[in-house]
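S.K.: the amino acid sequence is not available; the structure is as follows:
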């Protein structure tokens, strides 16, 4: 049994709730002239590629600047009859490309990429994240976010076409249930 095959067999259960593909991550273009201040605030998840940490409904993210200059990321969802939150930290990793952020939800894990591919700040944001595993395969996430719980179908189509044009496979993309949600 080859070492590569064994590695894949051992790692596959860890990524089963994610989307993975052979080879390295694509390198999509990000939002030029990204303005973090305009991006802050609440975004609702409209559609996503599967993520083990997001299985509920009414999923939203709220971004705010902390006193130390980092970005508070407060994700919430309704899952198994409970309102659940997760707090993380985002940082701009390169001031020349502020739309390439890093996000971590634990002091013990490195920052994961959070790439804002496009946003108009008031309606839509398209976000992508990808991690290479030894350049043999990659685990990717993608989110279509809105400032409201529902976006017009043509806006969602535009977001999906953008992701596809950047080489991102949307076969497993699913709509997030935002029906009957309350603001907590």
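M.R.: Right, received. Where do you want to start? As the structure is a computational prediction, the values presented were derived from the model and not from experiment.

S.K.: from here on, contacts and neighbour counts on C-alpha atoms
M.R.: Fine.

S.K.: now do the buried residues in stretch 70-90.
M.R.: Residues 71, 72, 73, 74, 75, 76, 77, 78, 88, 89, 90 are the ones in stretch 70-90 that count as buried (16 or more other Cα atoms under 10 Å).

S.K.: quick check, the fourth one in a helix?
M.R.: No. Counting by DSSP: H, G, I helix; E, B strand; the rest coil, residue 74 is not part of a helix but strand.

S.K.: wait, what's in contact with residue 64?
M.R.: Contact partners of residue 64, counting by Cα atoms under 8 Å, 6 or more residues apart in numbering, are 40, 41, 71, 72, 73.

S.K.: would you say it is within a strand?
M.R.: Yes. Checked against three-state DSSP, residue 64 lies within a strand.

S.K.: which SSE is immediately downstream of the helix or strand encompassing residue 84?
M.R.: Counting by DSSP states H and E, the element that carries residue 84 is strand 82-92. Proceeding N to C from strand 82-92, the next assigned helix or strand is strand 100-104, under DSSP H and E.

S.K.: how far does the helix or strand in which residue 159 is found sit from the chain's center?
M.R.: Using DSSP H and E, residue 159 sits within helix 153-165. Offset of helix 153-165 from its chain centre (Cα atoms, centre = their mean, to the nearest Å): 15 Å.

S.K.: tell me which other helices or strands it touches.
M.R.: Contact partners of helix 153-165 among helices and strands, from 3 or more Cα pairs under 8 Å, 6 or more residues apart in numbering; DSSP states H and E: none.

S.K.: next, the buried residues of that helix.
M.R.: Going by neighbour count (16+ other Cα under 10 Å), the buried part of helix 153-165 is 156, 159, 160, 162, 163.

S.K.: point out where the chain drops to low pLDDT.
M.R.: Along the chain, the model assigns pLDDT under 70 to residues 1-21, 184.

S.K.: now the helices for it?
M.R.: 3-11, 36-39, 153-165 (DSSP state H).

S.K.: contacting residues around the second one?
M.R.: Contacting residues not belonging to helix 36-39 are listed as 63, 98, 99, 121 [Cα under 8 Å, 6+ apart].
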